[in-house]
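Need coordinates for the below:
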Amino acid sequence: MNAGRPEIVATQHGSGSAEVTVRAMDLTAYRGTCELHNRPVRYDHGTDLGPQASIPCPDGAHEILGRRLICVQSNVTCDGACWSAVSDRCICGCGGLNHGRAWMIASAFASMSPEDLTEAWRGARTGSREVFEDELANWRATRVNATQAATERRERRKATEQRRAKVTFEDWAKEHANVIDALRPWAGGSNPFLADLALQVTTGRNGTPKPLTESQIDAARRAIGYEQRQARIAAERETAKRSVPAGRTTITGRVVKVSYRSRDSRGDLYQWGPQHRMTVSCDGYAIQVPVPAAVGQWARANRREQLHNGWRPDDDDYTIAARWTDALKGLRVTLTTTVARSDRDPSFGFGKGASGVRISEPDREMEAGA
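The predicted model follows:
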């Protein structure tokens, strides 16, 4: 669209040849809003600078972004059928502007010039306006009133929602008191899922408690059951704990974990190679011993896939330890080692050296070298 040259932007056809045409024309004036001084600003550059341009604020030595104004003009044209109509109902595009106009006093047309008569027959301009207004006082008042009204609507809507939420929760709580009682002890606990649900049905995340869905209730019951089972298992283990036999002793148990460390606490490589240790769970105690050569050979021969699947030269210690744990976990071993009891936990010890290693699988038991 060119400045100063109106172009047709919409046309609506009516009865016969009647139609409504809307024309728009770009101006060289620009309109923006100065948030600093709380006022609209209009400025005419005198030339078209595109859809947006910087304009000066009259209340300060700074510029703001303005949008180009568009002058919208609506014209209605209709044919002679409307002029000579005798009914009380107009169905053409002029909307009644020219309805029955031919029946006016003939002298009214007789005194018209040819140009005026042509304009009368074409129809009449029904509106010419600019998209933006520039009445500062009214604009500010309207803006303040609109902001205040919007704030009041939000507050009323918020209060209504809170009342509805309170009633909804109270009705739900009456039927699910057992669920609330079961979740209450988990508020602020170590299980983040149960702690979150407990918060939802007690104080609420934003101070307003909310009901749980049936899926959340089922998930909470499963999670509580799991936590209770884990607590029983831990208690049973604690009860079954006994002190590690110190000194040279023969142990039998299952491998539960393998650790791998290539560097010491200072980040230096170990002089004699990585430390490769396995934790063996026995009857009421556990001992960590270096992985015997026989066990390593067995793993490479029988658990090659677990050890080498996805292997990369730059694997870190954690990844290597995870692979070895996957290869050896659950393996039953019998060996003789020298045990030193842990100072922090008498049911845990550290073994040094291993001999008489025997490895048991579900279907057979094998002798292995030291």
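
unless I'm mixing things up, Ala198 is touching Asp181, no?
No - with contacts defined as Cβ atoms under 8 Å, Ala198 does not count as touching Asp181, sitting 10.5 Å away. Heads up, the C-betas are built off the backbone N, CA and C, glycines and all.

Please say which of these two ends up with more neighbours.
Neighbour totals were compared for Ala198 and Asp181, and Ala198 leads with 21 against 10 (other Cβ atoms under 10 Å).

so which helix or strand takes in the more buried one?
Following DSSP states H and E, one finds Ala198 within helix 192-201.

I'd like to know which elements the very next helix or strand once past that helix is packed against.
Heading C-terminal from helix 192-201, the first helix or strand you meet, by DSSP H and E, is helix 214-240. Using 3 or more Cβ pairs under 8 Å, 6 or more residues apart in numbering; DSSP states H and E as the contact test, the elements touching helix 214-240 are helix 177-183, helix 192-201.

Buried residues, the shortest one. List them.
Spelled out, it's helix 177-183. Of all the residues in helix 177-183, those buried under the rule 16 or more other Cβ atoms under 10 Å are 179-180, 182-183.

Most widely separated two among those residues?
Spatially, the most separated pair among the buried residues of helix 177-183 is Ile180 and Ala182, at 7.3 Å (Cβ to Cβ).

where along the stretch 51-200 of the chain do the helices fall?
Residue ranges of the helices in the stretch 51-200 of the chain, as given by DSSP state H, counting those that start in this stretch, are 80-83, 106-110, 114-122, 136-175, 177-183, 192-201.

How about the stretch 251-370 of the chain?
Remark: helices assigned in the stretch 251-370 of the chain by DSSP H, counting those that start in this stretch are 293-302, 304-308, 317-328.

pLDDT of the first one, averaged?
What that stands for is helix 293-302. Helix 293-302 shows an average pLDDT of 90 in the prediction.

now the angle between helix 317-328 and that helix, please.
Taking axes from the mean of the first three to the mean of the last three Cα atoms, to 10 degrees, helix 293-302 and helix 317-328 form an angle of 80 degrees between their directions.

start the count at 131, not 1, going forward
In the new count, where the first residue is 131, that last one comes out as helix 423-432.

if we can go back for a sec, out of the helices and strands packed on helix 344-370, which gets nearest to Pro341?
When the helices and strands packed on helix 344-370 are compared by Cβ to Cβ, helix 322-331 sits nearest Pro341, at 7.5 Å.
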